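Visitor: Dropping a prediction and its sequence here:
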2 protein chains.
Amino acid sequence: MKQINIGLLGIGNVGGGTYQILNNNHDVISERTDADIRVTKALTHNLNKKRKFEIPSDILTTNADEILNDSNINIIVEALGGIEPASTYMLKAMQSGKHVVTANKAAVAANYEKLMTVANENNVMLLTEACVAGAIPALASIQTSLQGNRFYEVSGILNGTTNYIMSKMYNEGLAYADVLKDAQAKGFAEADPTDDVMGYDIANKLSILVALTFNQYIHPKDIPTVGITNITKEDIDIAKTNGTKIKLIGSAILSETGKLSCSVKPVNINCTHPLFSVDNEFNAVYLKGDAFGELMYYGKGAGPLPTGSAVVGDIISIINNIWR
Amino acid sequence: MKQINIGLLGIGNVGGGTYQILNNNHDVISERTDADIRVTKALTHNLNKKRKFEIPSDILTTNADEILNDSNINIIVEALGGIEPASTYMLKAMQSGKHVVTANKAAVAANYEKLMTVANENNVMLLTEACVAGAIPALASIQTSLQGNRFYEVSGILNGTTNYIMSKMYNEGLAYADVLKDAQAKGFAEADPTDDVMGYDIANKLSILVALTFNQYIHPKDIPTVGITNITKEDIDIAKTNGTKIKLIGSAILSETGKLSCSVKPVNINCTHPLFSVDNEFNAVYLKGDAFGELMYYGKGAGPLPTGSAVVGDIISIINNIWR
């Protein structure tokens, strides 16, 4: 059995979830991959922080270089969030021949071309499943099972916070500000919800989805983006009367002339559309292609274990590809 | 660019769809795989049959051995249907070192262990995505992206004919016999609908899903199977009153003690369950796992192009794995 050593950059939500899955499911994962996967080093800001899971203190470090320069580490999991220093760390890791799995949509969307170029130049894999829609394995499907198709559309409900807010407004007839407060109290929305409610988080995810689906990179700042902050109870009532729901949708649609239109905006979704019944904190990715017709993936878009599931799936894909 | 030669066993619905996708999308598929994929031989019962698509007559043959013994063919697509001679052809192909992609759930479910053993012995790939839920790439996801998980459940709406019938009964208040007649007239149900309405088709698919999810083979005849033939208008009315829908569900659930329970039967699905809104001819695969939580895939379960999409996805997976 081969041994694969993982360096975790960040052991908060996503890094912590990844660590727990690799640890708790070590038996089944070893059996399925014929690999003994171990986290041998993990970066943290605070060595003494109380965590919801146990992690041996001797693998913790506050110095990223100790991980990036460790020649025994095969795969780096980047789960820091934020564009920097995450992007620099990923580039450094790949330049020293390490494969990278990242959950960091902001960094990937901002630096997609540079990151992919450096991955290619160094003949390493850079996988990003966890960046988009948490546990939903849409990116892998798009790049493998669906590759026989010409793609026409990739859209989705790509942010759990805003979908939770829109669902509450629809189901309970509440105003935006009240639902936001409730969501913040329950931990579904952050203290500063700007990135979510203004649609910026979705623009990052859409940029990555578009790059992998249409092989075309669009910077998230170039995607017209409207959030949900101006949606009123009255808007919701009108939608209800019309048999629709307002959902914050990230969408990329190819016209018949080959022009790709991307947007993030509230959309009236008809009750016959499969996205109509995707409610609360759930996410969904919706695709159109010339052969499969339409497909939708539904699942959890956030949380340590769902996002960790995507990270571990990417680790396993790398192992199956590289160490066979 | 490498050249990959395909032998098609059968050019009816699935084989024909596969041929059309490989032909119509040759440009994008070549670009994505760096492979020139060509169907060099195709088996048919009738050389002069009128088809809905054009296929060069010089690649047609009525003799399977001409394909199975052709040393220039790298991958066999088995799209004949029926347990025999399809199973024998697949074994023969693998024994002569060819990889196999099949859409034939009856053959795979009946001979799963034999087929997989021969694939392993001969170091070739046997991929079966098209056997279950048409275009939906659930099997590939289960075997790659989701492999970090302990699986708890795999269920689904795995037959479009019966889901169409149940949806019509629910939405239009019609009796079973009337909807069946209408479905037959529209081509959604076969003249002899036994395999579909008795649940046998789903039992085949569930057997394959269970084998790949739980690494445990159960012969379809050992899965307790109840169809929809006894469901009355009154049953539907009661379900409606209770806010549920009756769906024909294939399901495998692992108990806390590790016992796997499989069944095919009509189930009352609650309106909060993601399978509730999967209507008409659409299929869905629903999964539970310890890390991802719950996931659902929604898409077209039948038809030449959707099923062909799954076949071509499997061909591309083989190429990416073997000829890199």
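Guide: Arrived safely, thanks for sending. Numbers count the residues shown, from 1 in each chain, chains lettered A, B, ... in the order given.
Visitor: ok, then the element right after the least confident helix or strand in chain A by mean pLDDT?
Guide: Within chain A, no helix or strand scores below helix A:176-186, which has a mean of 93 by mean pLDDT, DSSP states H and E. Next in sequence after helix A:176-186, counting helices and strands by DSSP states H and E, comes helix A:194-197.
Visitor: Check the offset of that next one from the chain's centre.
Guide: On the basis of CA atoms, centre = their mean, to the nearest Å, helix A:194-197 is displaced by 15 Å from the centre of the chain it belongs to.
Visitor: Next SSE downstream of it?
Guide: Per DSSP H and E, the helix or strand that comes after helix A:194-197 is helix A:200-214.
Visitor: on contacts alone, who are the packing partners of that next one?
Guide: Helices and strands in packing contact with helix A:200-214 are listed as helix A:105-110, helix A:112-121, helix A:138-143, strand A:151-157, strand A:244-254, strand A:260-270; criterion 3 or more CB pairs under 8 Å, 6 or more residues apart in numbering or on different chains; DSSP states H and E. Any C-beta I mention is one placed from the backbone N, CA and C, and that applies to glycine too.
Visitor: right, so of these, which gets closest to chain B?
Guide: Chain B lies closest to helix A:138-143 among the helices and strands packed on helix A:200-214, at 4.7 Å (CB to the nearest CB).
Visitor: Mind putting the helices and strands packed on helix A:200-214 into JSON lines with mean pLDDT?
Guide: Shown next, in JSON lines, are the helices and strands packed on helix A:200-214 (pLDDT from 0 to 100):
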{"stretch": "helix A:105-110", "mean pLDDT": "98"}
{"stretch": "helix A:112-121", "mean pLDDT": "98"}
{"stretch": "helix A:138-143", "mean pLDDT": "98"}
{"stretch": "strand A:151-157", "mean pLDDT": "98"}
{"stretch": "strand A:244-254", "mean pLDDT": "98"}
{"stretch": "strand A:260-270", "mean pLDDT": "98"}
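Visitor: looking at those, which is closest to B:Ser317?
Guide: The closest of the helices and strands packed on helix A:200-214 to B:Ser317 is helix A:138-143. By CB to CB, the value is 10.6 Å.
Visitor: hmm, who's touching that closest one?
Guide: A:128-129, A:131-132, A:151, A:154, A:156, A:208-209, A:212-213, A:285, A:287, A:297, A:313-314, A:317, B:137, B:140-141, B:144-145 (CB atoms under 8 Å, 6 or more residues apart in numbering or on different chains).
Visitor: for stretch A:257-264, same thing?
Guide: Residues lying outside stretch A:257-264 but in contact with it, judged by CB under 8 Å, 6+ apart, are A:199, A:202-203, A:206, A:210, A:214, A:216, A:218, A:223-227, A:248-255.
Visitor: what do you get for stretch A:57-68?
Guide: Contacts of stretch A:57-68 from elsewhere in the structure, counted by CB under 8 Å, 6+ apart, are A:7-9, A:11, A:39-47, A:73, A:76, A:85, A:89, A:92-93, A:96, A:98.
Visitor: For the residues you listed, which ChimeraX command selects only the ones that are buried?
Guide: Taking 16 or more other CB atoms under 10 Å in any protein chain shown as the burial criterion, the selection of buried members of the contacts of stretch A:57-68 in ChimeraX is written as:
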select /A:7,8,9,11,39,40,41,42,43,44,73,76,89,92,93,98
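Visitor: can I get the helices and strands packed on helix A:200-214 in a markdown table with mean neighbour count?
Guide: Conversion of these to a markdown table gives the following (neighbours: other CB atoms under 10 Å in any protein chain shown):
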| stretch | mean neighbour count |
| --- | --- |
| helix A:105-110 | 24 |
| helix A:112-121 | 15 |
| helix A:138-143 | 24 |
| strand A:151-157 | 23 |
| strand A:244-254 | 22 |
| strand A:260-270 | 18 |
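Visitor: Tabulate the ones you listed (a markdown table), appending distance to A:Ala191.
Guide: Output for these, formatted as a markdown table (distance: least, CB to CB, whole Å):
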| stretch | distance to A:Ala191 |
| --- | --- |
| helix A:105-110 | 18 |
| helix A:112-121 | 29 |
| helix A:138-143 | 29 |
| strand A:151-157 | 23 |
| strand A:244-254 | 20 |
| strand A:260-270 | 22 |
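Visitor: Looking at those, which is nearest to A:Ala185?
Guide: Closest approach to A:Ala185 among the helices and strands packed on helix A:200-214 (CB to CB): strand A:244-254, 20.8 Å.
Visitor: partner strands of the closest one, parallel or antiparallel?
Guide: Using DSSP bridges, strand A:244-254 pairs in its sheet with strand A:151-157 (antiparallel), strand A:260-270 (antiparallel).
Visitor: Next, the residue with the largest distance to the centre of chain A: phi, psi?
Guide: Most distant residue from the mean C-alpha position of chain A: A:Thr241, 33.8 Å away (CA atoms, centre = their mean). Backbone torsions of A:Thr241, given as degrees, to the nearest 10, read phi -60, psi -40.
Visitor: what about the helices in the stretch 1-150 of chain A?
Guide: According to DSSP state H, counting those that start in this stretch, the stretch 1-150 of chain A carries its helices in the segments A:13-24, A:26-33, A:64-68, A:86-95, A:105-110, A:112-121, A:138-143.
Visitor: now the last one, how far from the chain's geometric center?
Guide: Right, helix A:138-143. From the chain centre to the centre of helix A:138-143 is a distance of 12 Å (CA atoms, centre = their mean).
Visitor: Show me which residues of the stretch 1-150 of chain A sit near chain B.
Guide: With the criterion set to CB under 8 Å from any CB of the partner chain, the stretch 1-150 of chain A comes near chain B through A:17, A:21-22, A:24-25, A:28-29, A:32-33, A:129, A:135-137, A:140-141, A:144-150.
Visitor: To what extent is A:Asn13 buried, counted in neighbours?
Guide: Counted with other CB atoms under 10 Å in any protein chain shown, the neighbours of A:Asn13 add up to 18.
Visitor: Does it touch A:Pro306 like I think?
Guide: No. Using CB atoms under 8 Å, A:Asn13 makes no contact with A:Pro306, being 10.3 Å away.
Visitor: Only alpha carbons, please: show the least confident helix or strand of chain A as PDB.
Guide: Taking C-alpha atoms only, helix A:176-186 is exported to PDB below (Å, rounded to 0.1, in the frame of the first residue of the first chain):
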ATOM      1  CA  TYR A 176     -35.700  40.500   4.200                       C
ATOM      2  CA  ALA A 177     -34.100  42.300   7.200                       C
ATOM      3  CA  ASP A 178     -36.000  40.100   9.700                       C
ATOM      4  CA  VAL A 179     -34.900  36.900   8.000                       C
ATOM      5  CA  LEU A 180     -31.300  38.100   7.700                       C
ATOM      6  CA  LYS A 181     -31.200  38.700  11.500                       C
ATOM      7  CA  ASP A 182     -32.700  35.300  12.200                       C
ATOM      8  CA  ALA A 183     -30.200  33.700   9.800                       C
ATOM      9  CA  GLN A 184     -27.300  35.500  11.500                       C
ATOM     10  CA  ALA A 185     -28.500  34.300  14.900                       C
ATOM     11  CA  LYS A 186     -28.700  30.700  13.700                       C
END
